[in-house]
Structure formats: C-alpha cells, structure tokens
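[1] structure of the sequence below:
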Amino acid sequence: MEKREIGSSGIKIAPFALGSNVFGWTIDEKQSFTILDGFVDAGFDLIDTADVYSTWGAGNKGGESETIIGNWLKKSGKREKVIIATKVGKPMGSDKKGLSRKYITEAVEASLKRLQTDYIDLYQSHEDDPHTTLLETLETFDDLIKQGKVKAIGASNISGERLKDTLQVSKDNNLAAYQCMQPEYNLYAREGYEKEYEPVCRERNIGVISYYSLASGFLTGKYRSENDLSQSSRGAGVKSMLNPRGYKILAALDKVAAELNMSEAAVALAWIMARPGITAPIASATTVKQLDELVKSTELTLNSDAIDLLNSASKY
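    Below you'll find the model as predicted:
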C-alpha cells in the first residue's frame, strides 16, 4: 500500500486514518478493540484521537477514547505497528484548556498515561488559544520533541492566517513547526479547506488529515430524508445537508459507486485521497462491516470522469 509522509516529519502513513471519537461513546471497549485489530491487521496505522474524546457522551468526562486505545495497546502489543495522533487544548473541565506551557505540560503527561505509551507520534493543538503567545506554545511543543515525548506536531481548528503566523514564529525562532493540519473536508464541505488552507498547505508542504470526511455519515448515503435522521445519534447534524446540493452530491456518489461496485462511503473517501496535498482522510467505524467498506477506499483509483462528476455535483 502507498504510504504518504505527514509533511516533512519523516512519519509515513497509509492513506486512510481511523477516527476514534466513537470509542467509549457509541461503542464500548470490546467493540473498539475489534475495530482497532481489524484496522491494523488490514495494514493501516494512523489512529486519530484527542484528550477531549468523548466528553459529550453520557457520564463521560474526557479521556475515554485515549484510555481504550491505551488498554488495547497494552493487550495487543501493537504499539510499534501504529501511529498515534492525539490533541490538546479543548476544554477538559474547570481550567483544563488552552495551549499554555503549564497546561500542555500537564495534558501531555495525562495523555501518555491514558495511552500507556512513552511517546505520541503526532501531537496537535486542537483549537487556537488567543490568550497564549504562539512562541510559548511552540517552545513547549519543541521541548516535548527534544524530550522524546512527541515525534511531530500539528494543528486543527485554526485559521489559515494563524497557521502562516505559527509557521513564521517557528522559523524565526528555530523551533519545531507544525507538520500537519487537520481541517474539515469532504464532498459537501469543500470551500473552507480549498480556499483557506489548501494553498498554504501545498506551498509549505504541510500534511493534511481531514476530519468529518464522510460529513457525519451523510456521504454514506444512509440519510436520504428527514425520516432517516433517527437512525443514528449523528442524524441531527445531517439535517442541513438534505437540500438540492446535497441530493445532487448523493446522486453523483450513487452513480460512481454503482459503476465501481463500491459503497458511497468508499467513493467519498477515495475522492478526498485523490486530492493533491491530502495525506489521509479520517473516518470512524462502529462495526467490522463499516470498517471493511471504508478501507476499500484505498483500493480505488477514481478516473478523471468520476472525479469531474463528483467535483461538478459538489461545486460551491
């Protein structure tokens, strides 16, 4: 399988990443272990998580996903087969948030403990922190890399201008620089990434690992009307996509999927993978059947006609 480097980090990954925000939320530890084993045994490696996953679940306080991954790493002994990406910065209760030296230093130790590992491959700022200087944040990340606790750093949920500013601070102060950007990107949500982030990432060789790659499940094709929204806890987030443009995208996905005898989800992910500059899309699975459909995306090479059809249907 083709491996793609995350920026200039030296870390190479398979072109599909497993999202673990469902661990400890919509699937329990045992089910999560099954998904993780299936993912790695199929030849894939990047597992994306965050300290804040999944605070939104009933009775959760954050750290559930990392804890499950850590338990799996200990039980499976597969640490050397995977690339662990986690994030810091979003609120974890009381004053636990932000990108200050004090908080990052505490948060990374908590993540390492939950993950039951002594290093994180890709450590990402989960959102911007306007109350902390970029220099303080980057000096802290740089120290973590020098200590061997982190291999590379990245960012999510910052503006394109802020990303450029961050890269400049790293350059001016000879500090470790962000090697990865994690934006929302999919066939439905194209404009933000393509206008704001893509030019910067392509020019600066920043890896791109996209989230919401299946638009909260809309691009799987299982939501065709408002009656379908009750199928999943994510259904409510799909309602706004049930519009003429959304239906046009689904029709194009249906056509390409039928021609290739693949699922709509696999085609939607293959479309992202075919975009120059993309390292890997992230998607989550709650069953082995779903996982099998998602990993098939890496076997697809969409021809120019298929890409043109999907581009035209999803134009903004």
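
[2] flag the shaky bits of the stretch 201-316 of the chain, pLDDT-wise.
    The stretch 201-316 of the chain contains residues with pLDDT under 70 at 233.

[3] can you rerun that using 90?
    Where the stretch 201-316 of the chain drops to pLDDT under 90, the residues are 226-227, 229-237.

[4] could you pull out the strands for it?
    Taking DSSP state E, counting those that start in this stretch as the criterion, the stretch 201-316 of the chain carries its strands at 207-210, 280-283.

[5] reformat those as a markdown table; add distance to Gly19.
    The C-beta positions use only the backbone N, C-alpha and C, and glycine is treated the same way. Output for the strands of the stretch 201-316 of the chain, formatted as a markdown table (distance: least, CB to CB, whole Å):
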| stretch | distance to Gly19 |
| --- | --- |
| strand 207-210 | 10 |
| strand 280-283 | 4 |
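
[6] to Trp56, which of those lies closest?
    strand 280-283 (17.5 Å; CB to CB).

[7] for the lengthiest helix in the chain, buried residues please.
    Looking across the chain with DSSP state H, the single longest helix is helix 244-260. Applying a neighbour-count criterion of 16 or more other CB atoms under 10 Å, one finds 246, 249-250, 252-253, 256-257, 260 buried in helix 244-260.

[8] repeat that for stretch 88-98.
    Buried residues in stretch 88-98, counting neighbours by 16+ other CB under 10 Å, are found at 88-90, 92, 96-98.

[9] stretch 157-167 now?
    Buried, per 16+ other CB under 10 Å, within stretch 157-167: 157-158, 160, 163, 166-167.

[10] so for that stretch, mean pLDDT?
    Here stretch 157-167 scores 97 as its mean pLDDT.

[11] what's it in contact with?
    125-128, 134, 138, 155, 177-178, 181-182, 196-197, 199-200, 204, 206 (CB atoms under 8 Å, 6 or more residues apart in numbering).

[12] one more pass at 10 Å, please.
    87, 89-90, 124-130, 134-135, 137-138, 153, 155, 175, 177-178, 181-184, 192-193, 195-201, 203-204, 206, 211 (CB atoms under 10 Å, 6 or more residues apart in numbering).

[13] could you give the number of residues near the closest residue to Gly57 other than its chain neighbours?
    Among residues not flanking Gly57 along the chain, Trp25 sits closest, at 4.1 Å (CB to CB, 6 or more residues apart in numbering). For Trp25, the neighbour count with other CB atoms under 10 Å is 21.

[14] for the longest helix of the chain, packing partners?
    Packing partners of helix 244-260 (3 or more CB pairs under 10 Å, 6 or more residues apart in numbering; DSSP states H and E): helix 264-273, helix 304-313.

[15] reformat those helices as a markdown table; add mean neighbour count and distance to Gln147.
    Formatted as a markdown table, these follow (neighbours: other CB atoms under 10 Å; distance: least, CB to CB, whole Å):
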| stretch | mean neighbour count | distance to Gln147 |
| --- | --- | --- |
| helix 264-273 | 26 | 34 |
| helix 304-313 | 15 | 44 |
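
[16] what segments of the stretch 51-200 of the chain are strands?
    Counting by DSSP E, counting those that start in this stretch, the strands of the stretch 51-200 of the chain are 83-88, 120-125, 150-156, 178-182.

[17] tell me which of those strands lies nearest to Ile6.
    Taking the strands of the stretch 51-200 of the chain one by one with CB to CB, strand 178-182 is closest: 5.1 Å.

[18] roughly how far is the longest helix of the chain from the heart of the chain?
    Computed by CA atoms, centre = their mean, to the nearest Å, the chain-centroid distance of helix 244-260 equals 24 Å.

[19] the inter-axis angle of it versus helix 304-313?
    With axes from the mean of the first three to the mean of the last three CA atoms, to 10 degrees applied, the angle from helix 244-260 to helix 304-313 works out at 170 degrees.

[20] hey, C-alpha coordinates of helix 244-260 in PDB?
    Coordinates of each C-alpha in helix 244-260 appear next as PDB, following Å, rounded to 0.1, in the frame of the first residue of the first chain:
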ATOM      1  CA  PRO A 244     -30.800  20.300  -3.600                       C
ATOM      2  CA  ARG A 245     -26.900  20.400  -3.500                       C
ATOM      3  CA  GLY A 246     -26.800  17.500  -1.000                       C
ATOM      4  CA  TYR A 247     -29.100  15.400  -3.200                       C
ATOM      5  CA  LYS A 248     -27.000  16.200  -6.200                       C
ATOM      6  CA  ILE A 249     -23.900  15.000  -4.400                       C
ATOM      7  CA  LEU A 250     -25.600  11.800  -3.400                       C
ATOM      8  CA  ALA A 251     -26.800  11.200  -6.900                       C
ATOM      9  CA  ALA A 252     -23.200  11.500  -8.200                       C
ATOM     10  CA  LEU A 253     -21.900   9.200  -5.500                       C
ATOM     11  CA  ASP A 254     -24.600   6.700  -6.300                       C
ATOM     12  CA  LYS A 255     -23.600   6.700 -10.000                       C
ATOM     13  CA  VAL A 256     -19.800   6.300  -9.300                       C
ATOM     14  CA  ALA A 257     -20.400   3.700  -6.600                       C
ATOM     15  CA  ALA A 258     -22.600   1.600  -8.900                       C
ATOM     16  CA  GLU A 259     -20.100   1.700 -11.700                       C
ATOM     17  CA  LEU A 260     -17.300   0.600  -9.500                       C
END
